[in-house]
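K.L.:
quick one: sequence and predicted model below, then my questions.
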Amino acid sequence: MSHVSGFYGWRIVAAAFVVAVFGWGVGFYGPPVYLEAVRQERGWPIALVSGAVTLHFLTGVGIVANLPALHRRFGLPAVTFAGAIVLALGVLGWACAQAPWQLYAAALLSGAGWPALGAAAVNAIIAPWFVAKRPAALSMAYNGASIGGVIFSPLWVALIGQVGFVSAVLIVAAGMITTLGALALFVLGRTPGSMGQTPDGQTAEIANPVAKSTAVLPVVRLWRDRAFLTLSLGMALALFAQIGLITQLVSLLVPALGTQGAGLAAGLSTAAAVVGRLLVGCCMPSGADRRRAAALSLLVQAAGCWLLMLSGEANAPLLLLGVILIGFGIGNATSLPPLIAQVEFAGVDAPRAVALIVAVSQGAYAFAPAVFDLLRQLGSDRVIFMAAAAIQLAAVGAYLLGSKAHGLRGMHIEVRSRASCAKAHS
């Protein structure tokens, strides 16, 4: 705790952790629970309610892509607090919806609020305070996402069962708005400059090797930059495979482990996600190739899928080992891409690049549960593991394909400049 009392950045990490707990607990892990609650209370077809979940995630794509602009215009604390209010109103709409159109309107609200508490927002909170120590700081903050799932998945079910959907939402919303409002007012508005500190808690005279490595050329058009395109594709494929697999995992494990055992296995994967993210964040050397780290994490997950296939859906030790290996990479799929962007994009580009890669991946994984459900209906359960492994390997290829691409920008600019001069002289 001595670090916290000295360098204010660690309090920012704690605040970002809490933001992630509520963001993922209400905006990511909540919708599957809301789906079942609405289906039971209203008797609407599962496909209709599932469409609202998909709309929830798709709505966030546009918001998260513009999150840096919102932060610049209104300030990070105000946007975070507003996101909590909009998310709470949206979830209340899920609980109160009396007609399908009201449910879909509520999904628009909840989907618009969640990005202000999601991956790009957490990165924006941490970025001003950490450069060299950003991997460790982001890992700690992003672990709030995993803890959000551990806390809120059972909490939502218990509260809805005890007091009903509407009252459950009011209880959670009150806690979220009060907590995040206090953080926005007293913590999130602080900057290193306002506290008389520098990033990482170092003196200005200390050279920062990571800061030097981020002295890359800015990008005129991100959508034409190979580093950005491969990073976006890698993150989108990784999360598509991961979320598609996770939505099916418990039901796939039930035949071998039973309902209680499958639930415990899912919890084991979450614990492995926390450990895996912390190991990478705290142990990865400052000069390490972060794309290779992301590729290695995905290879570990693919190995986990391979073990699940070998288990024949009956060998419990192999199943559990496969679940642990998949879990090790769950957190890194979210936390490593922003760290890659930190070293591959100039300071003016990095926030926009992170927001866009998160938006692209969210737009992709919104369809993952439906696609994996269709694959399972068309083939055997093993098809799920094969598909997930294949997509993970494709993500590995995307990450490695973009390796060192950011270092070629200067060459491209020079070539274009020479071509323009030659054309002018002719």
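P.N.:
Alright, I've got the coordinates.

K.L.:
only C-alpha atoms for contact and neighbour calcs from this point on.
P.N.:
Noted.

K.L.:
domain map for the chain?
P.N.:
Domain segmentation of the chain under automatic domain parsing yields 1-196, 209-420.

K.L.:
make a markdown table out of the ones you listed and add distance to residue 202, mean neighbour count and mean pLDDT.
P.N.:
Formatted as a markdown table, the domains of the chain follow (distance: least, CA to CA, whole Å; neighbours: other CA atoms under 10 Å; pLDDT from 0 to 100):
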| stretch | distance to residue 202 | mean neighbour count | mean pLDDT |
| --- | --- | --- | --- |
| domain 1-196 | 9 | 20 | 93 |
| domain 209-420 | 12 | 20 | 86 |
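
K.L.:
what's the single longest helix in the protein?
P.N.:
For the chain, the helix that runs over the most residues, judged by DSSP state H, is helix 226-283.

K.L.:
for it, what is the distance to the chain centroid?
P.N.:
For helix 226-283, the distance from its own C-alpha centre to the chain's C-alpha centre is 12 Å (CA atoms, centre = their mean, to the nearest Å).

K.L.:
the chain should start at 26 in everything you say after this.
P.N.:
All right, first residue 26 from here; so that's helix 251-308.

K.L.:
tell me the helix or strand right after that helix.
P.N.:
helix 315-335 (DSSP states H and E).

K.L.:
angle of that following helix against helix 251-308?
P.N.:
Between helix 315-335 and helix 251-308, the angle comes out at 80 degrees (axes from the mean of the first three to the mean of the last three CA atoms, to 10 degrees).

K.L.:
quick one: contacts of helix 315-335?
P.N.:
Helix 315-335 has contacts (CA atoms under 8 Å, 6 or more residues apart in numbering) with 263, 343-344, 346-354, 357-358, 361-362, 364-365, 407, 410-411, 413-415, 417-418, 420-422, 424-425, 428.

K.L.:
need the residues that contact whichever helix or strand comes after that helix.
P.N.:
Downstream of helix 315-335, the next assigned helix or strand under DSSP H and E is helix 341-355. Residues outside helix 341-355 that contact it (CA under 8 Å, 6+ apart): 267, 278, 281-282, 290-291, 293-302, 322-323, 325-333, 335-336, 338.

K.L.:
mind doing that once more with 6 Å?
P.N.:
Defining contact as CA atoms under 6 Å, 6 or more residues apart in numbering, one finds that helix 341-355 is touched by 294, 297, 298, 301, 322, 325, 326, 329, 332, 333, 336.

K.L.:
just want the angle from it to helix 251-308.
P.N.:
Interaxial angle, helix 341-355 versus helix 251-308 (the same axes, to 10 degrees): 110 degrees.

K.L.:
can you classify the nearest residue to residue 105 once chain neighbours are set aside by secondary structure?
P.N.:
Among residues not flanking residue 105 along the chain, residue 141 sits closest, at 5.3 Å (CA to CA, 6 or more residues apart in numbering). With DSSP: H, G, I helix; E, B strand; the rest coil as the basis, residue 141 sits in helix.

K.L.:
what's the distance between residue 141 and residue 47?
P.N.:
Distance of residue 141 to residue 47, given as CA to CA, to the nearest Å: 11 Å.

K.L.:
I appreciate the help and will end here.
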